[in-house]
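[1] everything below, folded, please.
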Amino acid sequence: MDQYIFITGASSGFGEASAELFASKGYPLILMARREERLAELKEKLSNQVEVITLTCDVRNEESVNNTIGALDPGVLAKIGLLVNNAGLAVGKGPIDEGITDDWERMIDTNLKGLLYVTKAIVPFFKANRKGHIINIASIAGKEVYPGGNVYCATKHAVDALSRAMRIDLVSHGIKVSNLAPGAAETEFSLVRFKGDMETANRVYDGYDPLVASDIADTIWFLFSRPAHVNINDITIMASAQASATIFSK
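    The predicted structure is shown next:
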């Protein structure tokens, strides 16, 4: 395959599962994440299948994003076919007046600004090729709000809106844009949200079978593998036991 797959937040969860799936399909990878050691382990695991380029970078830092992507070989940049904007997180959960501003800033800077920085850096290469695909990992929290989710929900509503706006901005350049909104999925998400409190994080998934990372990877592959004349604008995917952000059958 001569199209590189660029994945942010690639060191765990949806990003890692997507890297594994695309590698199994024969696509070379560009994997970006903050955790250099985790990236190195993933590269070692997948390099026997495809070329793997790892980029240690925090998407919250615009200068770092631009410098890191700009340092890639021009021939590689010209062959990026898919950008998966996966880097994101929830930090904390509670009423707005008890919110911790550092938590707010981490979510806004990662989920929203980081997505913008990476997209802005990659889109010129898509435009030059008059093709390319952006898949933004949103959330059911971008479709609904729920108690204690205030700022996280706001950032994912912004991702949902940006996906629609990007589609309008880029359609004339032959660039596809898809929004993927998962419900509850058992990854490191809740452990990060509850700041390492494993007991609380595990209770989120008690009593039902949640989505797993490979479910989202499969859906990303579905979006990407549609024929050239097909763009899936938006998908919401949830476990069979989840009917909304807050309603579960347990």
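
[2] where exactly do the helices run in this structure?
    Using DSSP state H, the helices assigned to the chain run over residues 13-24, 36-46, 62-70, 74-77, 101-107, 115-129, 150-170, 189-193, 198-203, 213-224.

[3] nearest to Ile235, out of those helices?
    Closest approach to Ile235 among the helices of the chain is made by helix 213-224 (6.3 Å; CB to CB). Glycine gets a C-beta too; all of them are placed from N, C-alpha and C.

[4] distance between the ends of stretch 6-15?
    10 Å (CA to CA, to the nearest Å).

[5] sorry, slip of the keys, the one I care about is stretch 124-138.
    23 Å.

[6] number the residues from 55 up from this point.
    Right, with 55 as the first residue, what we last looked at is stretch 178-192.

[7] now it: mean pLDDT?
    The average pLDDT for stretch 178-192 rounds to 98.

[8] need the residues that contact that stretch.
    Stretch 178-192 is contacted from outside by 63, 68, 131-132, 134-140, 142, 169, 173, 176-177, 210, 213-214, 216-217, 220, 224, 227-236, 270, 274, 277-278, 282, using CB atoms under 8 Å, 6 or more residues apart in numbering.

[9] also stretch 152-167?
    For stretch 152-167, contacts defined as CB under 8 Å, 6+ apart pick out 113-114, 116, 141-146, 204-206, 209-210, 212-213, 216.

[10] thinking again about what came up before, weed out the non-buried ones from the contacts of stretch 178-192.
    63, 68, 131, 134-140, 142, 169, 173, 176-177, 210, 213-214, 216-217, 220, 224, 229-236, 270, 274, 277-278 (16 or more other CB atoms under 10 Å).

[11] any idea which residue sits dead centre in the protein?
    The C-alpha lying nearest the average C-alpha coordinate of the chain belongs to Asn140 (CA atoms, centre = their mean; 1.1 Å).

[12] list the contacts for that one?
    Listed by CB under 8 Å, 6+ apart, the contact set of Asn140 reads Ile61, Thr62, Gly63, Ala64, Gly67, Phe68, Gly69, Ser72, Ile191.

[13] including distance to Pro82, could the residues you listed go into CSV?
    Below are these laid out as CSV (distance: CB to CB, whole Å):
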residue, distance to Pro82
Ile61, 12
Thr62, 16
Gly63, 19
Ala64, 13
Gly67, 21
Phe68, 19
Gly69, 16
Ser72, 14
Ile191, 21
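
[14] which of those residues lies closest to Glu240?
    Of the contacts of Asn140, the one sitting nearest to Glu240 (CB to CB) turns out to be Gly67, at 9.5 Å.

[15] correct me, but the closest one touches Glu242?
    Yes: contact criterion CB atoms under 8 Å: Gly67 and Glu242 qualify, at 5.7 Å.

[16] the more surrounded of the two?
    Per other CB atoms under 10 Å, whichever of Gly67 and Glu242 has more neighbours is Gly67, with 23 against 14.

[17] tell me, how many residues neighbour the residue nearest to the more buried one when sequence neighbours are not counted?
    Nearest non-adjacent residue to Gly67, counting by CB to CB, 6 or more residues apart in numbering: Thr241, 3.7 Å away. Number of residues near Thr241 (other CB under 10 Å) recorded here: 19.
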